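Engineer: return atomic coordinates for the entry below.
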Amino acid sequence: MKIVVDWNRCEANAVCVRAAPKSFQLDDKDQLHVLTESVPPELRAQVEQAVRDCPKQALSLSRD
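Structural biologist: Reported below is the predicted structural model:
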């Protein structure tokens with residue numbers, strides 16, 4: 001599974017960072033960075049939570 005970000009919707013509000021800190025990060029300029037584009041099995045539940053919690057629905061998962 002891969003993380004897909006709709007950059008036109010993303011507001012970098014850090015909801016995903018709180019849900020999956022090993023997969024998402026905000027820098028000093030409040031720019032979102034995806035740390036693990038391909039989701040390893042041990043992080044899948046966290047990333048799925050981040051996708052569900054995104055208030056702008058900017059995140060999704062796709063099959064490789």
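
Engineer: tell me which stretches of this protein form helices.
Structural biologist: Ranges of helices in the chain, per DSSP state H, are 15-19, 44-53.

Engineer: so which of those is nearest residue 26?
Structural biologist: Closest to residue 26 of the helices of the chain is helix 15-19 (C-beta to C-beta; 5.8 Å). Heads up, the C-betas are built off the backbone N, CA and C, glycines and all.

Engineer: can I get the helices of the chain in a markdown table with mean neighbour count and distance to residue 27?
Structural biologist: As requested, those are exported to a markdown table (neighbours: other C-beta atoms under 10 Å; distance: least, C-beta to C-beta, whole Å):
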| stretch | mean neighbour count | distance to residue 27 |
| --- | --- | --- |
| helix 15-19 | 20 | 11 |
| helix 44-53 | 16 | 17 |
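
Engineer: adding mean pLDDT and distance to residue 31, write the ones you listed out as TSV.
Structural biologist: Output for the helices of the chain, formatted as TSV (pLDDT from 0 to 100; distance: least, C-beta to C-beta, whole Å):
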stretch	mean pLDDT	distance to residue 31
helix 15-19	98	12
helix 44-53	98	17
